[in-house]
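In: quick one, structure for this:
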Amino acid sequence: MPFAVSVGQESFKLAIKTPQPEIASGLIELDNGNYIITGIRLNDNVSPDSKGMIWLVNAYGILIDSVEISKQDTIVYLGKVQKYGNNYFIAATFAYYENSDRRNFPVFFLVDSALNLLNEYRIPLDSNYSFIESMGTVLAGDELYIGGNARNKNFTEYYTDLFICKYNLQTHVLQSNFLALTGDQLSTGYLKTSNYNIIFSVGLWGYPPDYSYGYYTLFDNDLNWIVTDSLPDDICLNNSSINLNDSTYLLSGRQSVFIAPPSIDEERSVLYKMAFPNQPINSYKYHMGTDTLSFPAGSSIDTTRTGEIYFSGTANVIPYQAPFQQDPSWIFLSKLDRDLNPIWTKLYGGDMFYQVYSVKATHDGGAIMACITYDHRTQDYEHDILIMKVNEDGLIVGTGEELSNISVQDAIVYPNPGNEYFHIQSGPQISGALFELFDMNGNIVLTTILDERVETMSTIKLSTGTYPYRITFQNKIVGSGKWLKK
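Out: The predicted structure follows:
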């Protein structure tokens, strides 16, 4: 297993590369400064088998150890990591096929800080269901709460129900409730408060308004159903949530906005500060314009010790191509204040396909992200893992031997190459910067002030060719490159 790392006091980047496809989906910072990373390693892209993977990385980005968890003829997914006493609790899913019918059920592993496996907990399936998909788990003392969706064995058409369960890790007592409503109910996230449980989901259930497909469903602590209603702005999918206090929480998701003209949907990554149970207070919305798609990470938000908020996702995703797309993408990371006002936004990558799965704030005020990469020029439908630890300013500032550079940008120009236009995406930290586009003789052909997060420049009058550009902020060059008109 070759790997490369750059070392620094507050930041690093670690690439884990093997011949097999891999995904890193969960992470946690340990009390000793190390990190546990969880994920999956497929044998190949055809075999039904896979291994759950746990990696141990130290505070300097050095891979210390790795552990495989495998079961014969079973796909093993490892996800969220939570602290449990002096040890760590890892959510997992076992998936296998029985008479061509897929079976899913939740499993949990308890490990110590050296990745020694201490215990395994299997949550029994209700006899009426063959497929249970967990979309969120929360530990509250010895009580494990799980929210997700389940498929009834006797379905006559594709049919899923929401479920909520509570499992005591000491007594092994299971309490559960399945909410059977007309139509598909697909869980996309879960939040546990002190008195309630919320499952976020998608589906056309017949609740008014009929066109809405982003929902929250509220249960009490005894798992009784209280209400189901629409989420603000129809946000759905990639739902991450964090409690701020007893009355407010953070909720992320995807939002589709119709722009007329040019009669196109704009896909946005959105973050809401919500008053319990379903009232928006403030929002932050990230997008790259009307011809691109961005979506939040699977676990996209976390808060620092001083109350700032990290929000991350993947930008410039090509539908039906990702995660094996040829066009480059970026990981965006925004740092926000308590009221969701942006402090800065950084963009990482841009030379191949990048996708972020999880972000966590770290004890030093920075953040760590679990990502995958795919370069169609060198990889044959298999992903590598990239772990990025950035400092409180979003920078990767290592000492010693460096990896090949991962671009960290305050502003990017795309599409590149382009034709009749290009966009300039910039972070709030360089608001008011000067953008200048030159011809090859050094003459300025386009210029603008970057007051908006996304500026669109018409290039219809420009001839085919290469155009250098630079971005200047407070008398310093903060970005430069070349844009190619096809």
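In: return stretch 467-478 as PDB; C-alpha atoms alone will do.
Out: Provided in PDB are the C-alpha atoms of stretch 467-478 (Å, rounded to 0.1, in the frame of the first residue of the first chain):
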ATOM      1  CA  TYR A 467      -5.800  34.200 -22.500                       C
ATOM      2  CA  PRO A 468      -3.700  34.700 -19.300                       C
ATOM      3  CA  TYR A 469      -5.500  36.100 -16.200                       C
ATOM      4  CA  ARG A 470      -4.700  37.300 -12.800                       C
ATOM      5  CA  ILE A 471      -6.600  38.200  -9.700                       C
ATOM      6  CA  THR A 472      -5.300  40.900  -7.400                       C
ATOM      7  CA  PHE A 473      -6.500  41.600  -3.800                       C
ATOM      8  CA  GLN A 474      -5.000  44.300  -1.600                       C
ATOM      9  CA  ASN A 475      -2.100  44.800  -4.000                       C
ATOM     10  CA  LYS A 476      -1.200  41.000  -3.900                       C
ATOM     11  CA  ILE A 477      -1.800  38.500  -6.700                       C
ATOM     12  CA  VAL A 478      -4.000  35.800  -5.200                       C
END
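In: need the contact partners of it.
Out: Stretch 467-478 has contacts (C-beta atoms under 8 Å, 6 or more residues apart in numbering) with 410-411, 413, 424, 426, 430, 432-440, 445, 450, 479-485. In short, each C-beta sits where N, CA and C put it, glycine included.
In: excluding its backbone neighbours, what's nearest I37?
Out: W55 (4.3 Å; C-beta to C-beta, 6 or more residues apart in numbering).
In: could you check how far the one you found is from Q279?
Out: Look at W55 and Q279: by C-beta to C-beta, to the nearest Å, they are 40 Å apart.
In: compare neighbour counts for these two and give me the winner.
Out: W55 (25 against 11; other C-beta atoms under 10 Å).
In: ok, the helix or strand where that one lies: who's next to it in the sheet?
Out: Assigned by DSSP states H and E, W55 belongs to strand 50-57. If you go by DSSP bridges, strand 50-57 pairs up with strand 35-42 (antiparallel), strand 63-70 (antiparallel).
In: in helices, which of the contacts of stretch 467-478 fall?
Out: Judged by DSSP state H, helices contain none of those.
In: give me the distance from the strand holding W55 to the chain's centre.
Out: 18 Å (C-alpha atoms, centre = their mean, to the nearest Å).
In: can you list the residues that contact that strand?
Out: Strand 50-57 is contacted from outside by 14, 16, 22, 24, 34-43, 63-70, 75-78, 90, 92, 111, 114-115, 387, using C-beta under 8 Å, 6+ apart.
In: filter those residues to the buried ones?
Out: 14, 16, 22, 24, 34-42, 63, 67, 69, 75-78, 90, 92, 111, 387 (16 or more other C-beta atoms under 10 Å).
In: and the closest residue to C236 other than its chain neighbours, what does it touch?
Out: The shortest distance from C236 to any non-neighbouring residue, by C-beta to C-beta, 6+ apart, is to G214 (3.5 Å). Each residue near G214 by C-beta under 8 Å, 6+ apart is listed here: F200, V202, S230, L231, D233, D234, I235, C236, G253.
In: pipe those residues into CSV and attach distance to A322 per row.
Out: Shown next, in CSV, are the contacts of G214 (distance: C-beta to C-beta, whole Å):
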residue, distance to A322
F200, 22
V202, 19
S230, 28
L231, 24
D233, 23
D234, 22
I235, 20
C236, 18
G253, 18
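In: how about the nearest residue to F438, chain neighbours excluded?
Out: P468 (4.9 Å).
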